[in-house]
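Enquirer: sequence plus predicted model, see below.
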Amino acid sequence: MLVSLNSARGKAQDTAVKASLMAVIPEALTYVDQHGSFSGFRSSVSLPECSGEMIVNISVDGKEIAIFGKICSKEDLYFCVDSSSPFSGPIEVNEELVRFGSSRCSETFSLSDDVASFELTDPS
């Protein structure tokens, strides 16, 4: 019984992380409308304690943004929303996208258009 309660708690916390990330989207879109880019954007939305701090990655040119929240019920996975499809809902992504500073939720991303492009593969 305790296992099912912990599972339900984890799912509820993950739902709260998703809701928080979706609440950031209108805030970010308003910011880019007012400032012309995402550069300097900071959210006033907070994530549940189990998720830690929200991670906001902005492209060098300020035109793209990805917002990450740690999934409470799974190790090394994050929920992500980005400016390429802001209202499609958070998707699950691997920690590598966060670590490499990706400004997109997709698995293929470039650190800089003139430096290099990397494609992440699932090790399983």
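Expert: Noted; the coordinates are in hand.
Enquirer: which parts of the protein are strands?
Expert: Here the chain has its strands, by DSSP state E, at 55-58, 65-70, 77-82, 91-94, 108-112, 116-119.
Enquirer: lowest-confidence stretch among the ones you listed?
Expert: Among the strands of the chain, strand 116-119 carries the lowest mean pLDDT, at a mean of 40.
Enquirer: wait, doesn't residue 101 sit right on residue 57?
Expert: Yes - using C-beta atoms under 8 Å as the test, residue 101 is close enough to residue 57 to be in contact (5.1 Å). Heads up, the C-betas are built off the backbone N, CA and C, glycines and all.
Enquirer: and residue 30, how many neighbours?
Expert: As a burial measure, residue 30 scores 11 neighbours (other C-beta atoms under 10 Å).
Enquirer: residue 34 too?
Expert: When neighbours are counted by other C-beta under 10 Å, residue 34 comes out with 7.
Enquirer: okay, it and residue 61: tell me how far apart.
Expert: For residue 34, the distance to residue 61 equals 18 Å [C-beta to C-beta, to the nearest Å].
Enquirer: cool, and residue 101?
Expert: In this structure, residue 101 and residue 61 are 14 Å apart, going by C-beta to C-beta.
Enquirer: can you check residue 21 too?
Expert: 23 Å.
Enquirer: check residue 13 too.
Expert: Separation of residue 13 from residue 61 (C-beta to C-beta): 35 Å.
Enquirer: the more surrounded of the two?
Expert: residue 13 (18 against 12).
Enquirer: remind me, longest helix of this structure?
Expert: Across the chain, the longest stretch assigned as helix under DSSP state H is helix 2-35.
Enquirer: in terms of secondary structure, what does that one contact?
Expert: Where contact means 3 or more C-beta pairs under 8 Å, 6 or more residues apart in numbering; DSSP states H and E, helix 2-35 is packed against strand 65-70, strand 77-82.
Enquirer: show me what the first one is in contact with.
Expert: Contacts of strand 65-70 with the rest of the structure, by C-beta atoms under 8 Å, 6 or more residues apart in numbering, involve 17-18, 20-21, 24, 28, 32, 38, 41, 43, 47, 50-52, 54-59, 77-83, 90, 93, 97-98, 102-105.
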